[in-house]
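[1] sequence-free structure coming up:
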Ligand code: C5P
């Protein structure tokens, strides 16, 4: 009798130890990069717990979803421009044209037609959501909080890796990773890409659509409101265009018209939320000292997207935190 009590007690002690240790490890792996291996294992187990809406444990849309989220999340607005959805409402067209107030824009539908003679027009892209799919995406902003984070392997383990503007990877692989599947840019922030990366252009004006057509062919456009690169290296079969209608939807619905227009990072985040099942966010916000610089800059006061005056960084930050609170996205705060 005494022996069996002792055995039960021992079994309980071992069980309690295992539970405590596992919980400790789980909490710890979220912070310590040297234990990311366990995090991969947790990520890979995602599909095992699938709830049926998608192949992941938690999906962007859930059966019993949060009303704040369902009021906003509209899958019928497609993130990409195609010939088929290029007929903009008057409201959208006027709002979009006013973003950078470019005088005498060319005829929009003619420009779109010429554009899709150079790049592919595929309006079915990413419309493959379903119970089988668990597409994990990393949205990598340019914040200095990535420096020293050692997030590289974790970022690289995502299916889709979205970077933006001038973001380099070379020399920063340990912190930001080395793979890029999508690079978001506009004419004034353009860089060369390799042959495999998808260029996702955010157009702010009709001229930007003319610019990408030209930059991939003749190189005739050298200036927008500033001098821009007349040619860029990119695979023209891997170019996508952010839809002006989706741009307006992000501004009106998700930011409730705060700021003049959303930042590249926020636009990329909403794109990811519409094409991915699980979205992880890196490189957003200040570093631990409150600096808003880029991870490749030593000058802590350089390149602050907050100071442009066109974005409402605080409101964007609040919405991003709310999304994380509701487990729609996962934020990695960096260092
Ligand atoms: O500065 P840039 O616009 O190239 O950065 C890309 C995006 O990264 C921004 O739009 C913003 O969303 C995010 N970012 C940030 N905090 C920083 C720098 C960039 O949140 N310190």
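    Nice, I can see it. Since this is a predicted model, take the numbers as computed values, not measurements.

[2] check contacts around whichever residue of the stretch 51-200 of the chain sits closest to the ligand.
    Scanning the stretch 51-200 of the chain for proximity to the ligand using Cβ to the nearest ligand atom identifies residue 141 as nearest, at 3.0 Å. For the C-beta atoms, the positions are set from N, CA and C on the backbone; glycine is no exception. Residue 141 makes contacts with 164, 265, 268, 281, 282, 283, 284, 285, as judged by Cβ atoms under 8 Å, 6 or more residues apart in numbering.

[3] Quick check: residues of the protein near the ligand?
    With Cβ under 6 Å from any ligand atom as the criterion, the chain meets the ligand at residues 141-144, 164-165, 263-266, 284-285, 292, 294, 303, 305.

[4] Just the buried residues of those residues.
    When neighbours are counted using 16 or more other Cβ atoms under 10 Å, those contain these buried positions: 141-144, 164-165, 263-266, 284-285, 292, 294, 303, 305.

[5] Go through those and say which is closest to residue 183.
    Closest approach between these and residue 183, by Cβ to Cβ: residue 164, at 7.0 Å.

[6] can I assume that closest one is in contact with residue 263?
    No: under the contact definition of Cβ atoms under 8 Å, residue 164 does not touch residue 263, with a separation of 9.3 Å.

[7] circling back to that earlier point, which members of the residues of the chain next to the ligand define the maximum pairwise distance?
    Between all members of the residues of the chain next to the ligand, the farthest pair (by Cβ to Cβ) comes out as 144 and 266, at 18.1 Å.

[8] Where does pLDDT dip in the protein?
    Within the chain, the segments meeting pLDDT under 70 span 1-52, 301-308.

[9] Mind listing residues that contact stretch 155-169?
    40, 43, 135-142, 176-185, 189, 191, 200, 264-265, 268, 271-272, 275-276, 280, 282, 294, 296.

[10] and if you look at stretch 317-335?
    Contacts made with stretch 317-335 from outside it, assessed by Cβ under 8 Å, 6+ apart, are listed as 58, 60, 66, 68-69, 143, 145-149, 151, 154, 254-255, 266, 269, 273, 278-285, 287-288.
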